[in-house]
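sequence-free structure coming up:
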């Protein structure tokens, strides 16, 4: 009877120790998980910030402003479209006027 009581006592102490060990591991994993979630949130916020910066830096208004003010570029007065001789091209509006100017200069249409 005494042996059974000692065995039961050792068994209960062992189970209590195992339970505390598992609880400590669960708490540790929860802490690590919290750190990983925080890292993910920081990376997402950083990604969003970078996407906004890319959008701002690649805006056509900003590029036009830098080209004209800082680089001294000028906008063209008119645009001329050229087509290869063997291609048929439908011209509309100002494009037709450009094509007629080309014909007056003796170039093939």
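Yep, it's here. Please read these numbers as outputs of a predicted model, since none were measured by experiment.

which SSE is the residue nearest the centre of the chain in?
Nearest to the mean C-alpha position of the chain, counting by CA atoms, centre = their mean, stands residue 51 at 5.3 Å. Assigned by DSSP states H and E, residue 51 belongs to helix 2-57.

check the offset of that helix from the chain's centre.
30 Å (CA atoms, centre = their mean, to the nearest Å).

returning to that earlier point: the residue nearest to the centre of the chain and residue 44: what is the separation?
Distance, residue 51 to residue 44, using CB to CB, to the nearest Å: 11 Å. Using the backbone N, CA and C atoms, a C-beta is placed for each residue, glycine as well.

same thing with residue 34?
Separation of residue 34 from residue 44 (CB to CB): 16 Å.

ditto for residue 24
From residue 24 to residue 44 the distance is 31 Å (CB to CB).

domain ranges for the protein, per the record?
When the chain is parsed with automatic domain parsing, its domains come out as 2-75, 76-109.

could those go into a markdown table alongside mean pLDDT?
Below are the domains of the chain laid out as a markdown table (pLDDT from 0 to 100):
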| stretch | mean pLDDT |
| --- | --- |
| domain 2-75 | 94 |
| domain 76-109 | 59 |
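
just to revisit the earlier point, tell me the contacts of the residue nearest to the centre of the chain?
Applying CB atoms under 8 Å, 6 or more residues apart in numbering to residue 51 gives no contacts.

I'm done for today, thanks for sticking with me.
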